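Q: structure for this input, please:
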Amino acid sequence: MKIIVDAFGGDNAPLEILKGSALAVKELGVEILLVGDESRILACAKENGITLENTEILHAEKVFEMEYDPRTVMKEHSDTSLAVGMKALAEGKGAAYVSAGSTGAIVMGATFIVKRIKGIKRAAIASIMPSDKTPFMLLDCGANVECKPEHLVQFAKMGSVYMNRIMGYESPSVGLANIGVEENKGTPLQLETYALLKEKKDISFMGNAEVRDIAFGVADVIVADGFTGNVILKMYEGVAKSLTGSIKAIFKKNVLSMLSYIGVKSGMDAFKKKMDYKEYGGAVLLGIAKPVIKAHGSSDARAFKNAIRQAVNCVEKDVIGEIKRSVGEEKDED
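A: Below you'll find the predicted structure:
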């Protein structure tokens, strides 16, 4: 299996991208198509002793900078590594695409170059996140600031497919992010979406998920419009970072507290791993005709390797095919 990798997306490109890709080749047995300036890739690999075994390079001289307008990825900046990689995916030069670059540009490029699955009205950024119980999926995390009820219903269906195929959840429960659990809570968007989800027999809808309950594993899939989902995601990340930092400071307070850390080290390591985004690799862009993974902008080698693992899982478990089939079933219902 060949995975297309944007070698110049993210804060730590190209070094951590190359290291992560090399780890993926070694541990996952994949082939990699690196997209970017060939001379810079070769120089970085040589300088840092990184093997390029089972790795090809697709030259793209320019980089899509974070300050660029995402809409320019199709024309003005179509010669950047991000755009060239998207074209390569659309042309079948690889099975999936991974980039830590501009989220907006990835969404635009995937939507207009790779294209959406027929019948899907909006693609959604879907992030796997930790809870007090088991990991859950939050979508949309920012691809669509404004949504219609039918968009959220499709998000629920796509999220359910992913959690079933990739995470192994037999019948993933779906919750609608809201300010209360009562059926009459929320804006017209939540009220109308609730009514639609309640009628869907192929979705295990549990009702409204009050935001404060999300961290306690109230549902396997949390559905929201892109603005709300992004706010939840950013708050979640901030609180997790603050919490782990505060706990670390407690144990560093004095000699006695540092000694007490020894007794709880295994538990603390497990907690840290549970809250670490690097374990999940990235966010999948659901609704696109081929697997597209948005890796975290600050990804190190391990995080990027796990983003590639996520892409491989999407291909092997046929997530796209299952979403296509579910959309067909939805049309039959209508």
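Q: residue 89 contacts residue 106, doesn't it?
A: No: assessed by CB atoms under 8 Å, residue 89 is found out of contact with residue 106, at 11.2 Å. C-beta: built from backbone N, CA, C; applies to glycine.
Q: can you show me the strands along the protein?
A: Using DSSP state E, the strands assigned to the chain run over residues 2-6, 31-36, 55-59, 96-99, 124-129, 136-139, 173-178, 204-210, 221-223, 282-286, 292-295.
Q: make a markdown table out of those strands and add mean pLDDT, mean neighbour count and distance to residue 230.
A: Shown next, in a markdown table, are the strands of the chain (pLDDT from 0 to 100; neighbours: other CB atoms under 10 Å; distance: least, CB to CB, whole Å):
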| stretch | mean pLDDT | mean neighbour count | distance to residue 230 |
| --- | --- | --- | --- |
| strand 2-6 | 98 | 27 | 22 |
| strand 31-36 | 98 | 25 | 27 |
| strand 55-59 | 98 | 17 | 31 |
| strand 96-99 | 98 | 30 | 18 |
| strand 124-129 | 94 | 25 | 8 |
| strand 136-139 | 96 | 28 | 9 |
| strand 173-178 | 98 | 24 | 11 |
| strand 204-210 | 97 | 20 | 16 |
| strand 221-223 | 98 | 31 | 13 |
| strand 282-286 | 94 | 29 | 11 |
| strand 292-295 | 96 | 29 | 13 |
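Q: let's have those strands in TSV, adding distance to residue 46.
A: What follows is the strands of the chain, written out as TSV (distance: least, CB to CB, whole Å):
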stretch	distance to residue 46
strand 2-6	18
strand 31-36	14
strand 55-59	13
strand 96-99	23
strand 124-129	35
strand 136-139	40
strand 173-178	48
strand 204-210	50
strand 221-223	45
strand 282-286	27
strand 292-295	24
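Q: return the helix or strand in this structure with minimum mean pLDDT.
A: Averaged element by element with mean pLDDT, DSSP states H and E, the chain has its least confident helix or strand at helix 255-275 (a mean of 72).
Q: tell me, how many residues neighbour residue 65?
A: Taking other CB atoms under 10 Å as the criterion, the count of residues near residue 65 is 13.
Q: grab the nearest non-local neighbour of it.
A: Nearest-residue entry for residue 65: residue 102, 7.9 Å, with adjacent residues in sequence omitted and distances by CB to CB, 6 or more residues apart in numbering.
Q: now do the buried residues in stretch 89-108.
A: The neighbour-count criterion (16 or more other CB atoms under 10 Å) identifies 89-90, 93-108 as the buried residues of stretch 89-108.
Q: could you do stretch 167-187 as well?
A: The neighbour-count check on stretch 167-187 (16+ other CB under 10 Å) flags 167, 169, 172-178, 186 as buried.
Q: repeat that for stretch 188-199.
A: For stretch 188-199, by 16+ other CB under 10 Å, it's 189-190, 192-194, 196-197.
Q: if we can go back for a sec, can I get the buried residues of stretch 167-187 in TSV with distance to residue 242?
A: Supplementary listing: the buried residues of stretch 167-187 in TSV, determined by distance: CB to CB, whole Å:
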residue	distance to residue 242
167	27
169	29
172	29
173	28
174	29
175	25
176	27
177	21
178	25
186	28
